[in-house]
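**Student:** what follows is a predicted protein model with its sequence.
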Amino acid sequence: MADGMARRGPTAASGAKDFIVLGLRAAASGIVVALALGFAALVLADNAQAAAIGDARTGMLLLASAAPGGYAPAPTLETEVEIQVSGIVARTRVTQSFHNPGTDPVEGIYVFPLPEKAAVDHLTLLVGSRVVEGEIREREEARRTYEQAKSEGRKAALVEQQRPNLFTDSVAHIGPNEVVRVTIEYQQTLAYEDGVYRLRFPLAITPRYVPARAPAEALPDDPKAREAAWTSDAAADGAEGALTQPPFVASDGSVLVNPVDIAVQIDAGVPLGPISSSYHDVRVQRSEADRALVYLAKDQEEADHDFELAWSLAPGAAPRAALFTETVGAADYALLMVVPPGPDAAAKVASERVPRETILVVDTSGSMQGSSLEQAKAALATALASLTERDRFNVVEFNSVTRPLWPDALPATAQNVATALDWIGKLRADGGTEMAPALTFALNGEAAPGCLRQVVFMTDGGVSNEEELLKLIADRLGSTRLFTVGIGSAPNSHFMTKAAQFGRGTFTYIGDVREVGEKMTRLFAKIESPVLQDVSIRWPDGTPVRTYPERVPDLYLGEPVVVSASAATLAGTIVVSGTSGNQPWSEALTPATAGKASGVGALWARARIASLMDELRRGGDKSALRAQVVQVALEHHLVSAYTSLVAVDVTPTATGPARTALVPASLPRGSSSGGAIPQTDTPATLQLLLGLGALAAAALVALIGRTATSSRIA
């Protein structure tokens, strides 16, 4: 525990305490002022050891500490992940075991990341021999139920959504030396690109920067005025009950900080092609042509890098359109996927390429230090190589301030590209992540007639003000398209995906510098021109259908369009149509021949909740929208911003004072920041100043004392 704190580096706590020691030695005569200042620094430094729910980096258990509002992580024994894939739907069971090594009962908070589109619908808590199942209730009611059980000495658990991709599980009355097993279950749709399915399981979360408080919509367009408008006050974290950041370290290779074991069962329904893991060594066992079991080659791996599994279907097996259905209660649900046309259509699209105005925006904040910035630089170079002299471009970096290469976009001549490459080579990572001014600068106008205006935004997404930024994108987008590129081992994929959705673009994840060339080349080949425009779906006549997204996006090369639908009954022919170049395109599907997939209804419900929350961000009626979210979540047994899973044991158990335990969480692989990222106005600054004040006051008083003593002797 002590070693874990030390490995974080010069923390506010350790720095302030060192200054206190020096101050006390200098003030050996016992001056009251030095002691008072030193004590103030100690109190503030101790409070800085509390852990943050909203800024947790990986799954961990946070134990309530003696400090007001403070939490500290307890040791993690192991994590088991079981994923069952059926067609394009994945059902995941995450079980983490925790051990209370103390002699007194504790209450803990388990913080865990999940995919941004995960539909969480099940909780099981095993404490000793007791098994407790979770029930879905409104958030306030669930919290009251949990607190009541806790006050009565009963074991209980509460699962709440802090962010769409970050959840917490409060666990009451973990007894001395007890092992607690928390199981969370959820489902999601798979990503599909260039004929390859991708399954991503998050294992780490990039530290989040808390930006200045000024609202983005109030920022002026002038860069100098905009910078002046941003205050130095730290904004409150959006997560409920937000705390400060927990300590964490990277594994030394001998002891895993948060060990994990992962197994994936694939049932594709059609013959499988190659299967590969992007970042971990795995073993593959094929039982049948369309089935395979994939698991980690090692018994356990470090939870410092997201897990990604990719597989393709055998040649000719991938359909141009697919439909999956499920009946739940009195309603039918459908998941419709439109796959881009084949190589002939891709060549046709490339021949019809139109001029572009491309704005390349890169994050150079402190959290991008190390391999993340190198990946971003390589990505920028690849992007510039895709431009022709018919195109225009600009490059923008941002950290605490926004700095464009030029005031406006210039033609992509060889000289201008060379100037940009030289400028990019000198970029360095430092400062905060003030993302709003950069987005405001990039989303500043309409494209010229006959020209596509595209913004490519490269970042790890490590910010806490996602909602404010999404509103900014929606307000300023115009005819521009925003494409996000996630950089690093654990980017904030929720924000990056939603930003691309609001920007009517796509999200690309780059987790390794070796992927930059391939993925950026694919991205620019894809966005040069849409394969299918004005996509629409005609449902059976007379059938009221609610779909998400409500506005079907354009279809780009290598990336499908996925639509969730709900109706009282789905029967008849469904026609998908659009325009490919100047030619019409359509395809017909029937529910009778569609594939069956469990969880399609929950995925529709998750999409509807996300749409309602988007409407709330755009200024909709909060009371009415909240009621709709609650209704959908309760009907489908889902955790949301307004509903939680609560589990209460009926048998009271012995209680006692809570004890704390501080252990480091996993540092995302490739990060060199040690977990200490710059903030707008960190408490550490105040603590160090108080510590310095203690030293200075003590030294001054001691000097006066020595001078007076010398005078008396003389």
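**Tutor:** Sure thing, it's come through.

**Student:** show me the contacts for D299.
**Tutor:** Residues in contact with D299, defined by C-beta atoms under 8 Å, 6 or more residues apart in numbering, are D261. For glycine as for every other residue, the C-beta is placed from the backbone atoms N, C-alpha and C.

**Student:** if I look at it, how far off is L293?
**Tutor:** Using C-beta to C-beta, to the nearest Å, one gets 16 Å for the distance from D299 to L293.

**Student:** swap in V576?
**Tutor:** V576 is 34 Å from L293, where distance means C-beta to C-beta.

**Student:** comparing these two, which residue is more hemmed in?
**Tutor:** Neighbour count, other C-beta atoms under 10 Å: between V576 and L293, V576 has more, with 24 against 13.

**Student:** and the more buried one, what's its pLDDT?
**Tutor:** Listed pLDDT for V576 reads 87.

**Student:** that one and L589 touch, don't they?
**Tutor:** Yes: counting by C-beta atoms under 8 Å, V576 does reach L589; the two are 7.1 Å apart.

**Student:** which ones are touching the closest residue to V339 other than its chain neighbours?
**Tutor:** Counting by C-beta to C-beta, 6 or more residues apart in numbering, the nearest residue to V339 once its immediate chain neighbours are dropped is P560, at 4.8 Å. Residues near P560 by C-beta under 8 Å, 6+ apart: Y192, E193, M337, V338, V339, P340.

**Student:** what do you get if the cut-off is 7 Å, keeping everything else the same?
**Tutor:** Applying C-beta atoms under 7 Å, 6 or more residues apart in numbering to P560 gives the contacts Y192, M337, V338, V339, P340.

**Student:** need those in TSV (columns: pLDDT).
**Tutor:** Listed next are the contacts of P560 as TSV, based on pLDDT from 0 to 100:
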residue	pLDDT
Y192	80
M337	82
V338	80
V339	75
P340	73
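
**Student:** could I get these as a markdown table with distance to D267?
**Tutor:** Output for these, formatted as a markdown table (distance: C-beta to C-beta, whole Å):
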| residue | distance to D267 |
| --- | --- |
| Y192 | 16 |
| M337 | 17 |
| V338 | 22 |
| V339 | 19 |
| P340 | 24 |
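
**Student:** redo those as TSV? Include neighbour count.
**Tutor:** Formatted as TSV, these follow (neighbours: other C-beta atoms under 10 Å):
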residue	neighbour count
Y192	20
M337	20
V338	24
V339	17
P340	24
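
**Student:** now tabulate those residues in JSON lines and tack on secondary structure and distance to P355.
**Tutor:** JSON lines is the format used below for those (DSSP: H, G, I helix; E, B strand; the rest coil; distance: C-beta to C-beta, whole Å):
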{"residue": "Y192", "secondary structure": "strand", "distance to P355": "30"}
{"residue": "M337", "secondary structure": "strand", "distance to P355": "31"}
{"residue": "V338", "secondary structure": "strand", "distance to P355": "27"}
{"residue": "V339", "secondary structure": "coil", "distance to P355": "28"}
{"residue": "P340", "secondary structure": "coil", "distance to P355": "22"}
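
**Student:** how about A268, phi and psi?
**Tutor:** Main-chain torsions, A268, degrees, to the nearest 10: phi -80, psi -20.
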